[in-house]
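**Q** Provided below are the primary sequence and the corresponding predicted coordinates.
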Amino acid sequence: MAPFSWPYPTYLLHLNLTNRQILRRTYDFFDLDDTLLDTQRINRSIFEQIHKQLKVSMPFEDFMALFRTHLRTRMIKHFDFSYNESIGINPMDYLMTQEAYEPQHMEAFKEDLWSKMKGLGLTCSKEDFYQVIMDLRNDFCHFIPGIPELLEKAADLDDLGVITNGISEIQHLKIDLLGLRNICKETFASGDFGYGKPDPRFFHYVLDQAGLDPQDCIMIGDNVQNDVLAPLAMDFKGAIYFNPQATRYGVTWARNPQELWEKISSFYH
């Protein structure tokens, strides 16, 4: 998927907006993983590439399940759990960081993980194992189908931004690979601050840095607590739960990009 570039088509005439609505634009903040970025498909592809390139004899589904288990348990064991849990990290991200990240813990994490992975029948060296993973760090460049078109339309209505949880280096890499800086005025990663969604301190930080009133903000994301309940608690103008899976909460819900666009545009009717 090529990064975004301007100009975008204009959709304002189709929505019969008032002058006040045009002058006072809302900020649409999007979560990143599993909202804009097709994270599940990408993660599966990364595991498939590791399995293929390292010629692992174990069936793929078994390999992926055990690899995930070893990643998560080693993360809990070796890293600052309360901090990393607060900023919301995918354990695979540790293996794709080029900048120093908790260096006092990273080496022990990698050694312990490698001792577990050898038991899955890997015949490569530890160095080759980690290099194969590092070489895949630029694969985070695929939108969920339909999202690029939605962003083009939304950008004609609102200012756009990203509020995401995760390691700063990796989340900003994803933002760059997707070309989101060409269309989003503000991008915030929890790793830049030290707390993540749903912590109110993170949302206070975002609003303060962007100079925004919460009543001018809409949050969109796949996690009902992080992306919907927390923003509503912060008095955001609105929040949209964007996920094919239903939730037990009575919130605005969109199952696909078409429904999401209908929900976003409904704020202007």
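**A** On my side now, so go ahead. Residues are numbered from 1 along each chain as shown.
**Q** Which parts of the stretch 51-200 of the chain are helices?
**A** 60-78, 81-87, 103-118, 126-134, 147-157, 168-177, 190-193, 200-210 (DSSP state H, counting those that start in this stretch).
**Q** By mean pLDDT, show me the worst of the ones you listed.
**A** Lowest mean pLDDT within those: helix 81-87, a mean of 86.
**Q** Any idea how far it is from the middle of the chain?
**A** Computed by Cα atoms, centre = their mean, to the nearest Å, the chain-centroid distance of helix 81-87 equals 16 Å.
**Q** How much space separates F60 from T69?
**A** Distance, F60 to T69, using Cβ to Cβ, to the nearest Å: 15 Å. Just so you know, the C-beta spots here come from the backbone N, C-alpha and C atoms, and that holds for glycine as well.
**Q** Just put the helices of the stretch 51-200 of the chain in CSV and tack on distance to W261.
**A** Shown next, in CSV, are the helices of the stretch 51-200 of the chain (distance: least, Cβ to Cβ, whole Å):
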stretch, distance to W261
helix 60-78, 33
helix 81-87, 30
helix 103-118, 41
helix 126-134, 36
helix 147-157, 5
helix 168-177, 22
helix 190-193, 27
helix 200-210, 23
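**Q** Look up the closest residue to Y205, ignoring the ones flanking it.
**A** F193 (5.2 Å; Cβ to Cβ, 6 or more residues apart in numbering).
**Q** How about T164?
**A** L32 (3.8 Å).
**Q** swap in S45?
**A** Counting by Cβ to Cβ, 6+ apart, the residue nearest S45 is D139, at 6.6 Å.
**Q** Next: V132.
**A** Using Cβ to Cβ, 6+ apart, the closest residue to V132 is Q53 (5.2 Å).
**Q** Report how many residues lie close to the one you found.
**A** By the measure other Cβ atoms under 10 Å, the count of residues near Q53 is 16.
**Q** what about it, distance to F79?
**A** 26 Å.
**Q** and F60 and T69? which has more neighbours close in?
**A** Taking neighbours as other Cβ under 10 Å, F60 and T69 compare with F60 leading, 14 against 11.
**Q** thinking that one is in contact with I50, fair?
**A** No - F60 is beyond contact range of I50, at 9.8 Å (criterion: Cβ atoms under 8 Å).
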